[in-house]
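>>> please find the sequence and the predicted model below.
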Protein chains: 2
Amino acid sequence: VTKRYWEDFAVGEVLALGATPPVTEEAIITFARQYDPQYFHVDPLRAKDSIFGGLVASGWHTASMVMRLWVDAIVSHVVSMGSPGVEDLRWPAPVRPGDSLTARAVVLETRPSKSRPEMGLVRWRAETANQRGELVFTMTGTSFIGRRPSS
Amino acid sequence: VTKRYWEDFAVGEVLALGATPPVTEEAIITFARQYDPQYFHVDPLRAKDSIFGGLVASGWHTASMVMRLWVDAIVSHVVSMGSPGVEDLRWPAPVRPGDSLTARAVVLETRPSKSRPEMGLVRWRAETANQRGELVFTMTGTSFIGRRPSS
């Protein structure tokens, strides 16, 4: 895959981030036991009586799975210089065992850094859907990305 | 520990969320290999040449560790009815192997739900610091929390 620079990101561009393998019950429970041990994330039987009607992934697990897609599709092909933060994380529908998550990001804004001429900012909104096309996670963020070296 | 209801949260109250055990290099690498395999999260040697000067935890790992503190300190003592989302995640300083993270949340707003009389909303801002008192993670969020049953 070709290296990408800040100059290669255009407002309105849709970045395809690919899809996860089906999320297993085991992965959901393993993550949640360590980081989010609410019963509807760790106990398939008790989860049936929850508002979700069954086991669902921690929202932080979903966010982390989407981060992996973002790293593989984008970060590994640019000079990544970090991020000032992310905003407005929403989980409009639960992620259940067997779901496969497909993510994309739309470029909202690009601008050069005022303080660091070697990088630029890319602001994006990411949307993640399950295999039925239902949105399960959205967030907005900004990435610092290396500029094309002048030749 | 006494059960808490929505009525027990007061604007301006500081919720002590406790502290994590020291974060191990192994935990940082295990998380990042799966969810955020950037070299400064997975490769201690190469990380020395990064902008961080050494291995640092994925921001999503830090967020997940804070979620665990939140679950143990708050969620497990209320009727948790989920969250519409979280906002404004910032990572002002890196988390390194050996760091212990202490978190607290300040209650910003409380209001009853208009549509669901059995619950109320608590809006909060969480701050997480390392053992030197440096802020490493901040976020703002809203939780749906069960109200005290009328007797």
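Yep, that arrived.

>>> check whether the longest helix along chain A contacts chain B.
As assigned by DSSP state H, the longest helix anywhere in chain A is helix A:59-73. Yes: judged by Cβ under 8 Å from any Cβ of the partner chain, helix A:59-73 comes into contact with chain B through A:Gly59, A:Trp60, A:His61, A:Ala63, A:Ser64, A:Met65, A:Met67, A:Arg68, A:Val71. Heads up, the C-betas are built off the backbone N, CA and C, glycines and all.

>>> got the residues you listed as CSV, with neighbour count and distance to A:Gly98 columns?
Putting those into CSV (neighbours: other Cβ atoms under 10 Å in any protein chain shown; distance: Cβ to Cβ, whole Å) gives the following:
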residue, neighbour count, distance to A:Gly98
A:Gly59, 23, 18
A:Trp60, 25, 20
A:His61, 25, 15
A:Ala63, 24, 19
A:Ser64, 23, 18
A:Met65, 24, 14
A:Met67, 24, 21
A:Arg68, 21, 18
A:Val71, 20, 24
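
>>> and the longest helix of chain A, what does it pack against?
Counting contacts by 3 or more Cβ pairs under 8 Å, 6 or more residues apart in numbering or on different chains; DSSP states H and E, the secondary-structure elements packed against helix A:59-73 are strand A:14-19, helix A:25-35, strand A:102-112, strand A:119-129, strand A:135-146, helix B:25-35, helix B:59-73.

>>> since we're on A:Arg132, how many residues are nearby?
Other residues near A:Arg132 number 8, with proximity taken as other Cβ atoms under 10 Å in any protein chain shown.

>>> does it sit in a helix, a strand or a coil?
On the three-state scheme (DSSP: H, G, I helix; E, B strand; the rest coil), A:Arg132 is labelled coil.

>>> hang on, the earlier thing: nearest to B:Gly12, of the helices and strands packed on helix A:59-73?
B:Gly12 lies closest, by Cβ to Cβ, to one member of the helices and strands packed on helix A:59-73: helix B:59-73, at 17.8 Å.

>>> okay, angle between the closest one and strand B:135-146 too, please.
Relative orientation of helix B:59-73 versus strand B:135-146 (axes from the mean of the first three to the mean of the last three Cα atoms, to 10 degrees): 50 degrees.

>>> run the chain-centre distance for the next helix or strand after helix B:59-73.
Past helix B:59-73, further along toward the C-terminus, the next helix or strand under DSSP states H and E is strand B:85-90. The chain centre lies 10 Å from the centre of strand B:85-90; the measure is Cα atoms, centre = their mean, to the nearest Å.

>>> mind checking the pLDDT average for strand B:85-90?
The average of the pLDDT scores along strand B:85-90 is 96.

>>> in its sheet, what does it sit against?
On the basis of DSSP bridges, the sheet neighbours of strand B:85-90 come out as strand A:85-90 (antiparallel), strand B:135-146 (antiparallel).

>>> could you dump those to JSON lines with mean neighbour count and distance to A:Ile28?
Converted to JSON lines, those look like this (neighbours: other Cβ atoms under 10 Å in any protein chain shown; distance: least, Cβ to Cβ, whole Å):
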{"stretch": "strand A:85-90", "mean neighbour count": "19", "distance to A:Ile28": "18"}
{"stretch": "strand B:135-146", "mean neighbour count": "20", "distance to A:Ile28": "21"}
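
>>> and of the ones you listed, who's closest to A:Arg4?
strand A:85-90 (20.1 Å).

>>> taking strand A:119-129 as reference, get the angle to the closest one.
Taking the same axes, to 10 degrees, one finds that strand A:85-90 is oriented at 20 degrees with respect to strand A:119-129.

>>> what's strand A:85-90 in contact with?
By Cβ atoms under 8 Å, 6 or more residues apart in numbering or on different chains, the list of residues contacting strand A:85-90 from outside reads A:59, A:63, A:137-142, B:84-91.

>>> could you do stretch A:110-129 as well?
So stretch A:110-129 is in contact with A:6-7, A:9-11, A:15, A:17, A:62, A:66, A:70, A:79, A:81, A:101-109, A:135-147, going by Cβ under 8 Å, 6+ apart.
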